[in-house]
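**Student:** Turn this into a model:
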Amino acid sequence: MHPGDNKRKNEEAAKSEQPAKQIRFDYDYDDIIIVLVGEEKIKFSVYKDIICEKSKFFNTACAPDRWLEGKEKTVSLPKVDPWTVQGLLSLGRYRQAAA
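**Tutor:** All right, here's what the predicted structure looks like:
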């Protein structure tokens, strides 16, 4: 094995790898929806673009031409535990509104 063999193998492996998935940076941070969670209606302010990209449910619910929630920019989840939503939203770029 020659000293240059490993370098050549690494270069060939790098060429054959798939390109990295592009990260989207063109979110509209002014477009916020309200998510009311649980019987207490705990209010979460969520960036619409981000949550709709990550969730088929929210993508459908926030369509202004299909559902009232999309027109009013408010989604109610009365049977969902607020701690569950808090945990899920903490994984992304979301914020909870001050009560």
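**Student:** low-scoring stretches of this structure, by residue?
**Tutor:** Residues of the chain meeting the criterion pLDDT under 70: 1-29, 92-99.
**Student:** So which residues of this structure form helices?
**Tutor:** 5-16, 48-54, 56-61, 68-72, 82-90 (DSSP state H).
**Student:** show me what contacts residue 85?
**Tutor:** By CB atoms under 8 Å, 6 or more residues apart in numbering, the residues touching residue 85 are 35, 37, 42, 44, 77. In short, each C-beta sits where N, CA and C put it, glycine included.
**Student:** most surrounded residue in the residues you listed?
**Tutor:** residue 35 (25 neighbours; other CB atoms under 10 Å).
**Student:** Quick check: it vs residue 89, distance?
**Tutor:** 8 Å (CB to CB, to the nearest Å).
**Student:** hey, what's in contact with both of the two?
**Tutor:** Here residue 35 and residue 89 share the contacting residues 44, 46, scored by CB under 8 Å, 6+ apart.
**Student:** Residue 64 contacts residue 72, correct?
**Tutor:** No. Checked against CB atoms under 8 Å, the pair residue 64 and residue 72 is beyond contact range at 9.1 Å.
**Student:** So which of the contacts of residue 85 sit within strands?
**Tutor:** 35, 37, 42, 44, 77 (DSSP state E).
**Student:** ok, so of these, who is nearest residue 53?
**Tutor:** Using CB to CB, residue 35 comes nearest to residue 53 of the ones in strands among the contacts of residue 85, at 15.3 Å.
**Student:** Spatially nearest residue to residue 36 (excluding sequence neighbours)?
**Tutor:** Excluding the flanking residues, the one nearest residue 36 by CB to CB, 6 or more residues apart in numbering is residue 76, at 4.6 Å.
**Student:** What are the neighbouring residues in contact with the one you found?
**Tutor:** Taking CB under 8 Å, 6+ apart, we find residue 76 in contact with 35-36, 41, 69.
**Student:** at 10 Å instead, please
**Tutor:** Residues near residue 76 by CB atoms under 10 Å, 6 or more residues apart in numbering: 34-38, 41, 61, 69.
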